[in-house]
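In: after the sequence you'll find the predicted model.
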Amino acid sequence: MKITILSNENKILKFIVEGINESLMNSLRRTSMVGVPTMAIEDVEFTKNSSALYDEIIALRLGLIPLTTDLKSYNLRSECKCGGKGCALCQVKFKLSAKGPKVVYSGDMKSSDPKVKPVYDNIPIVKLLEGQELKFNAIAILGFGREHTKWSTGLMTYKYFPKVISGKKDLKEPKDVKEIAAYLDKVRELEHKEEIKTEPVEDKFVVEFESWGQLDHKTILLRAVSELSKRLKAFDKALK
Ligand SMILES: [Zn+2]
């Protein structure tokens, strides 16, 4: 298998994978997106909310704020030594206290662990008018995107690498990494104009992975691979 990184900008990683079939590529895609744990707010206790939004709506919005995730320091609640009761090894506390008039942003929340905080400080939570108040304590835990999308790591898509089979002969195959992105754009454009015909290269994929920012791409991909092999081992064991 060969991996070629094309670019890594604005949390979007573009790369090419060769020597892999589609089922494996799709397993890797799904596991990367929803099978790698990230931190998200799960429980919220409101001590004051006189804003225009119901508690439930604010709690939902809080859950969707991506939080920087430290996989080495935290356990899944279900696998923690505390037996799921909640402790410093499986949860992070957030609190917020705000008075209107103001817009309450993700960055206004105070975290009990500086390593776990909103990826973006400027996500609006609610607008408070004069005299309105919002106070809550919240708990973030690790979870999987397959349980709730708030824990998903990002969005990964792939396409087959195109092989030009007829049409323009002057379209040169890319020689180095820098030329590949421009080549793919050109091929797409010419194909759209029906000036060329392509067929997919069966074992070569162009992958785009946009992360929501909780973890870096490499951590997500490595963890996805180990989650996949853990499952295959369990399958193997069950067969014996
Ligand atoms: Zn615990």
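Out: Done, it's in.
In: what residues does this structure put near the ion?
Out: Residues of the chain found near the ion (Cβ under 5 Å from the ion) are Cys80, Cys82, Cys87, Leu89, Cys90. For glycine as for every other residue, the C-beta is placed from the backbone atoms N, C-alpha and C.
In: please pick the buried ones from those.
Out: The neighbour-count test (16 or more other Cβ atoms under 10 Å) marks Cys80, Cys90 as buried among the residues of the chain next to the ion.
In: what's the least confident helix or strand in the chain by mean pLDDT in contact with?
Out: Within the chain, confidence by mean pLDDT, DSSP states H and E is lowest for helix 177-192 among all helices and strands, at a mean of 90. Contacts of helix 177-192 with the rest of the structure, by Cβ atoms under 8 Å, 6 or more residues apart in numbering, involve 4-7, 14, 16, 162, 164, 167-168, 171-174, 196-198, 206.
In: buried set for it?
Out: Here helix 177-192 shows Ile180, Tyr183, Leu184, Lys186, Val187, Leu190 as buried, counting by 16+ other Cβ under 10 Å.
In: then that helix to PDB, C-alphas only?
Out: Provided in PDB are the C-alpha atoms of helix 177-192 (Å, rounded to 0.1, in the frame of the first residue of the first chain):
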ATOM      1  CA  VAL A 177       3.000  15.300  -6.000                       C
ATOM      2  CA  LYS A 178       2.700  19.000  -6.800                       C
ATOM      3  CA  GLU A 179       1.200  18.300 -10.200                       C
ATOM      4  CA  ILE A 180      -1.400  15.700  -9.100                       C
ATOM      5  CA  ALA A 181      -4.100  18.100  -7.800                       C
ATOM      6  CA  ALA A 182      -3.900  20.300 -11.000                       C
ATOM      7  CA  TYR A 183      -4.000  17.100 -13.100                       C
ATOM      8  CA  LEU A 184      -7.100  15.800 -11.400                       C
ATOM      9  CA  ASP A 185      -8.800  19.200 -11.800                       C
ATOM     10  CA  LYS A 186      -8.000  19.200 -15.500                       C
ATOM     11  CA  VAL A 187      -9.200  15.600 -16.000                       C
ATOM     12  CA  ARG A 188     -12.500  16.500 -14.300                       C
ATOM     13  CA  GLU A 189     -12.900  19.600 -16.400                       C
ATOM     14  CA  LEU A 190     -12.200  17.900 -19.700                       C
ATOM     15  CA  GLU A 191     -14.400  14.900 -18.800                       C
ATOM     16  CA  HIS A 192     -17.300  17.300 -18.000                       C
END
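In: adjacent strands (with direction) for the helix or strand that comes right after that helix?
Out: Later in the chain than helix 177-192, the nearest helix or strand by DSSP states H and E is strand 196-211. Strand 196-211 pairs in its sheet with strand 12-18 (antiparallel), strand 154-167 (antiparallel), by DSSP bridges.
In: single out the most deeply packed of those strands.
Out: With neighbours defined as mean count of other Cβ atoms under 10 Å, the strands paired with strand 196-211 peak in mean count at strand 12-18, which reaches a mean of 17.
In: ok and that one relative to helix 177-192, angle-wise?
Out: Angle of strand 12-18 versus helix 177-192, following axes from the mean of the first three to the mean of the last three Cα atoms, to 10 degrees, is 90 degrees.
In: strand 12-18: what's the following helix or strand?
Out: helix 22-34.
In: give me the buried positions along that following helix.
Out: In helix 22-34, counting by 16+ other Cβ under 10 Å, buried: Met25, Ser27, Leu28, Arg29, Thr31, Ser32, Met33, Val34.
In: buried set for the following helix or strand past that helix?
Out: Scanning forward in sequence from helix 22-34 by DSSP H and E, the next helix or strand is strand 38-49. If you call a residue buried by 16+ other Cβ under 10 Å, then strand 38-49 has these buried ones: Thr38, Met39, Ala40, Ile41, Glu42, Val44, Phe46, Asn49.
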